[in-house]
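> after the sequence you'll find the predicted model.
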Number of protein chains: 2
Amino acid sequence: MRTIRYHQIADVLRGRLGAGEFPAGKILPSEAELGASYSASRVTIRKALEVLRGEGLVAARQGFGWFAAASPLPQTLTGLATIERQLADSGRRSERRIVDFQFVAAPDHVRPLLGKRVLETRRVHLADGMPFARVTVWCREDLGAELSKAQVERASFYELLPITVGSAAQTIGAGLIDPADSELLEVPTASAALVVKRTTHDTEGAAFLVSEHVFPGHITEFVAEFQSLEAFVSPRGLRLAD
Amino acid sequence: MRTIRYHQIADVLRGRLGAGEFPAGKILPSEAELGASYSASRVTIRKALEVLRGEGLVAARQGFGWFAAASPLPQTLTGLATIERQLADSGRRSERRIVDFQFVAAPDHVRPLLGKRVLETRRVHLADGMPFARVTVWCREDLGAELSKAQVERASFYELLPITVGSAAQTIGAGLIDPADSELLEVPTASAALVVKRTTHDTEGAAFLVSEHVFPGHITEFVAEFQSLEAFVSPRGLRLAD
DNA sequence: ATGTGATACAACTTTAATACAAGTGAGAAC
DNA sequence: GTTCTCACTTGTATTAAAGTTGTATCACAT
């Protein structure tokens, strides 16, 4: 008898989930059934499932069962230019100001992705002197070590890092302006903000950048245009957060 | 024997509907007959059918029977993951509650698009009794005149209106919960909210629907995943509002 | 100290069986 | 033609039983 059997079971289940055996929302066999399949007790199965729950792969409801978590769908917000492009088109000056540039212990939501220590940079983006975004970027320590503050002020991480971007996952949510951002963005505390969180992966699928963008709600919005007649019954890509 | 079967039955029926076995308007076997076919009780069959009704795939008339809904977009409805589908997959009850249904003078931002008078409906969407969205829809008067309150409670405007969708423009912004929405959504006033505004056009390019969706910020977020390696310097689709 | 197995109970969900109300439609009776 | 009846349908509610997760405890092995 091995001592950490539930990790092995978690690995196997992770594989089955990754193989597409259980598409999002599909109900998994009950703990009892899984226990029978793997000749393990319910306690062990539960521990394995709880590991996967911690990774966001599965979820459970009491009295109902375990099911594969709704995974983000591969759908982009079709179309428009970036904000920098818009600014350039309208002849406004775009500018970045660095307010923070240091190596720190990774915050909780970053550590599992990038490791224990990271380069944290905070920038304010301005259009014609008016701040319109606060962007915090966490960069993997080994990559961040090659960067200078001046470089980061001039260019984006995507241009600076010697890494090809493989994929990225991004969420758009709403939040309130906290006192720190209130000062940086020159808007009242507790006013509405668009919060974009993004994780960028290399071609191998390993994360190397995590960023958080905060936009004052009253001056920014996302625009998407659907040309085709594909259905969009409710806003696409929207999901319930945990 | 697994107890959770009505989702499986819903899946099978969804497949049969999608396969064209039941063209729009075709009457389905009665609940009793379906129960015999699938060796399930009437309750179970009913729950499955109600899931499909929530997706707008079927409808029923008391004393008459169930029939495939006359949906202008039957395929795409099932293909894409909306919040409702996510809810159904994880076994949550999805529900719409109408709080407003009347013909009114069009609000300022709607009048130029739809004309002077419009049908205004306000609905609250709930998941397991928990409200997660307030949706207000303005519909062109001549089209709205054909709709009943009960219809609107069950299905979406896209399914109900005899119009082919040509294109749509949508913005995602951030705002604060106002007192009215605070009551409807059961969240504190002045908390963060995602606000989605959409205008839908027919194939000629004329607008016929304007809608506004308000989601509590702490439980909802948009998810987008970028698979391609194209550069995205700042969040795509973001622009400065006027 | 930790992982594992076994057991027990609480809280919740689903299913089954049954009953009755209400609407539909077809044909019989007038 | 009109009305009535009857079989059949969905809508709704109630009970009981069984299944499932959530949580806790104890014993045992490594």
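Arrived safely.

> run a quick neighbour tally on whichever residue of chain A sits closest to chain B.
Residue nearest to chain B within chain A (CB to the nearest CB): A:Gly25, separated by 2.4 Å. Glycine gets a C-beta too; all of them are placed from N, C-alpha and C. A:Gly25: 20 surrounding residues under other CB atoms under 10 Å in any protein chain shown.

> does A:Val137 sit in a helix or strand, and which one?
strand A:130-140 (DSSP states H and E).

> sheet partners, orientation included, of that strand?
Strand A:130-140 sits in its sheet next to strand A:117-127 (antiparallel), strand A:207-216 (antiparallel), going by DSSP bridges.

> highest average neighbour count across these?
Here the criterion is mean neighbour count by mean count of other CB atoms under 10 Å in any protein chain shown, and of the strands paired with strand A:130-140 the winner is strand A:207-216, at a mean of 23.

> give me the beta-bridge partners of the closest residue in space to A:Gly65 that isn't next to it in sequence?
Nearest residue to A:Gly65, sequence neighbours excluded (CB to CB, 6 or more residues apart in numbering or on different chains): A:Ile27, at 5.1 Å. Assessed by DSSP bridges, A:Ile27 has beta-bridge partners A:Phe67.

> count of residues packed around A:Ile27?
When neighbours are counted by other CB under 10 Å, A:Ile27 comes out with 18.

> was I right about it contacting B:Ala10?
No. A:Ile27 is beyond contact range of B:Ala10, at 11.8 Å (criterion: CB atoms under 8 Å).

> assign the residue of chain A at minimum distance from DNA strand C to helix, strand or coil.
Per CB to the nearest atom of the strand, A:Gly63 is where chain A lies closest to DNA strand C, at 2.3 Å. The assignment at A:Gly63 comes out as coil when based on DSSP: H, G, I helix; E, B strand; the rest coil.

> can you pull the pLDDT of it?
With respect to pLDDT, A:Gly63 has a value of 87.

> show me what from chain A comes close to DNA strand D.
A:1, A:3, A:28, A:30-33, A:42-43, A:46, A:60-66 (CB under 7 Å from any atom of the strand).

> ok so A:Ile48 is a helix residue?
One thing to correct before we go on: residue A:48 is Ala, not Ile. Yes. Counting by three-state DSSP, A:Ala48 is part of a helix.

> least trustworthy helix or strand in chain A by mean pLDDT?
The least trusted helix or strand in chain A, going by mean pLDDT, DSSP states H and E, turns out to be strand A:238-240, with a mean of 43.

> can you map out the helices along chain A?
A:5-18, A:31-37, A:42-54, A:83-89, A:111-114, A:141-144, A:149-154, A:157-160, A:179-185 (DSSP state H).

> give me the mean pLDDT for stretch A:201-208.
76.

> CA atoms only: put that stretch into PDB for me.
Output in PDB follows, covering the C-alpha atoms of stretch A:201-208 (Å, rounded to 0.1, in the frame of the first residue of the first chain):
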ATOM      1  CA  HIS A 201       0.900  31.100 -21.500                       C
ATOM      2  CA  ASP A 202       3.800  30.100 -23.700                       C
ATOM      3  CA  THR A 203       3.500  27.700 -26.500                       C
ATOM      4  CA  GLU A 204       4.000  24.800 -24.000                       C
ATOM      5  CA  GLY A 205       1.000  25.900 -22.000                       C
ATOM      6  CA  ALA A 206       3.100  27.200 -19.000                       C
ATOM      7  CA  ALA A 207       2.000  30.500 -17.600                       C
ATOM      8  CA  PHE A 208       4.600  33.300 -17.600                       C
END
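
> buried ones in it?
A:His201, A:Asp202, A:Ala207, A:Phe208 (16 or more other CB atoms under 10 Å in any protein chain shown).

> same thing with stretch A:49-58?
Buried, per 16+ other CB under 10 Å, within stretch A:49-58: A:Leu49, A:Val51, A:Leu52, A:Arg53, A:Leu57, A:Val58.

> which parts of chain A belong to which domain?
Chain A is divided into the following domains under automatic domain parsing: A:5-68, A:83-216.

> now the shortest one, how far from the centre of its chain.
Chain-centre distance of domain A:5-68: 24 Å, with CA atoms, centre = their mean, to the nearest Å.

> for the last one, same thing?
Distance, stretch centre to chain centre, for domain A:83-216: 12 Å (CA atoms, centre = their mean).

> and which of the buried residues of stretch A:49-58 is nearest A:Leu126?
Taking CB to CB as the measure, A:Leu126 sits nearest to A:Leu57 out of these, at 40.2 Å.

> farthest-apart pair in the buried residues of stretch A:201-208, please.
Checking those with CB to CB, the most distant pair is A:Asp202 and A:Ala207, at 8.1 Å.

> the strands paired with strand A:130-140 into JSON lines, with extra columns for distance to A:Val135?
Listed next are the strands paired with strand A:130-140 as JSON lines, based on distance: least, CB to CB, whole Å:
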{"stretch": "strand A:117-127", "distance to A:Val135": "5"}
{"stretch": "strand A:207-216", "distance to A:Val135": "5"}
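
> closest one to B:Ser182 among the ones you listed?
strand A:207-216 (21.8 Å).

> list of residues touching the closest one?
A:109-110, A:113-114, A:132-140, A:143, A:157, A:161, A:163, A:175, A:177, A:181, A:185, A:187, A:191-202, B:174, B:234-235, B:238 (CB atoms under 8 Å, 6 or more residues apart in numbering or on different chains).

> can you tell me how far A:Val165 is from A:Val152?
Distance of A:Val165 to A:Val152, given as CB to CB, to the nearest Å: 17 Å.

> I misspoke; the intended subject was A:Glu212.
In terms of CB to CB, A:Glu212 sits 16 Å off from A:Val152.

> what's the answer for A:Trp138, then?
The value you get for A:Trp138 to A:Val152, if CB to CB is used, is 13 Å.

> which one's more surrounded, these two?
A:Trp138 (25 against 20).

> contacting residues for that one?
A:Ala106, A:Pro107, A:Val110, A:Leu114, A:Val118, A:Leu119, A:Glu120, A:Leu209, A:Val210, A:Ser211.
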